[in-house]
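Q: sharing a model prediction with you, sequence too.
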Amino acid sequence: MDEIVLTMPRNRRFFDVAHLVVGGLAIRLNLTVDNLADLQLALAGLLPREDTDGDVTVVLRLDGDAIDGRIGPFAPGPLRRELERDGGDGYGTHHVLETVFDSYRLDEEDGSAWVAFRMAITPTPRSG
């Protein structure tokens, strides 16, 4: 099982690195533009969270026809409240994650929260 672990400072100027890694993974796996856009959207929604200090880690693992991932750590309270919200404006973190992933959950460990997800991937048909 292939796995990519990217740990970076929780600073916006480093977030482009995560987007480049996901783009490179998409090319390597021959993913559809939709799969790539979904991963990029989830990163854009989670990485800028400023509710905790320290580094942020993105873990992506290829598992057959799916990508399993984890992003964190985050402060558990604010993120849990956002993810449990079933109303609101309809376009918050909960809505984004529910739209782009087949499944996701909030894992809490050692006082921190991690968003774990699974996303089915669809390789782009190769011509030739």
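A: Yep, it's here. This one's a predicted model, so the numbers in the text were calculated from it and none came from an experiment.

Q: which residues of the protein score low on pLDDT?
A: Along the chain, the parts satisfying pLDDT under 70 run over 1, 85-91, 125-128.

Q: measure how far stretch 11-31 is from the centre of its chain, please.
A: In terms of CA atoms, centre = their mean, to the nearest Å, the centre of stretch 11-31 is found 11 Å from the chain centre.

Q: report the buried residues of that stretch.
A: Along stretch 11-31, these residues count as buried under the neighbour rule (16 or more other CB atoms under 10 Å): Phe15, Ala18, Val21, Val22, Leu25, Ala26, Leu29, Leu31. Using the backbone N, CA and C atoms, a C-beta is placed for each residue, glycine as well.

Q: quick check, Arg10 in contact with Gly54.
A: Yes - Arg10 is within contact range of Gly54, at 6.4 Å (criterion: CB atoms under 8 Å).

Q: tell me the buried residues in stretch 57-74?
A: Within stretch 57-74, the residues that count as buried by 16+ other CB under 10 Å are Val58, Val59, Leu60, Leu62, Ile67, Asp68, Gly69, Arg70, Ile71, Gly72, Pro73, Phe74.

Q: end-to-end on stretch 38-55?
A: One end of stretch 38-55 to the other measures 23 Å (CA to CA, to the nearest Å).

Q: show me where the protein has strands.
A: For the chain, strands defined by DSSP state E occupy the ranges 3-9, 55-63, 66-74, 103-109, 112-120.

Q: need those strands in CSV with distance to Thr93, can you?
A: Compiled in CSV, the strands of the chain are given as follows (distance: least, CB to CB, whole Å):
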stretch, distance to Thr93
strand 3-9, 20
strand 55-63, 15
strand 66-74, 10
strand 103-109, 10
strand 112-120, 9
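
Q: of Arg10 and Gly54, which one has the most company?
A: Using other CB atoms under 10 Å, the more surrounded residue of Arg10 and Gly54 is Arg10, with 18 against 10.

Q: what sits up against the top helix by length along the chain?
A: The helix that spans the most residues within the chain, counting by DSSP state H, is helix 12-29. Outside helix 12-29, the residues within contact range by CB atoms under 8 Å, 6 or more residues apart in numbering are 4, 6, 8, 31, 35-36, 39-40, 43-44, 47-48, 58, 60, 62, 121, 123.
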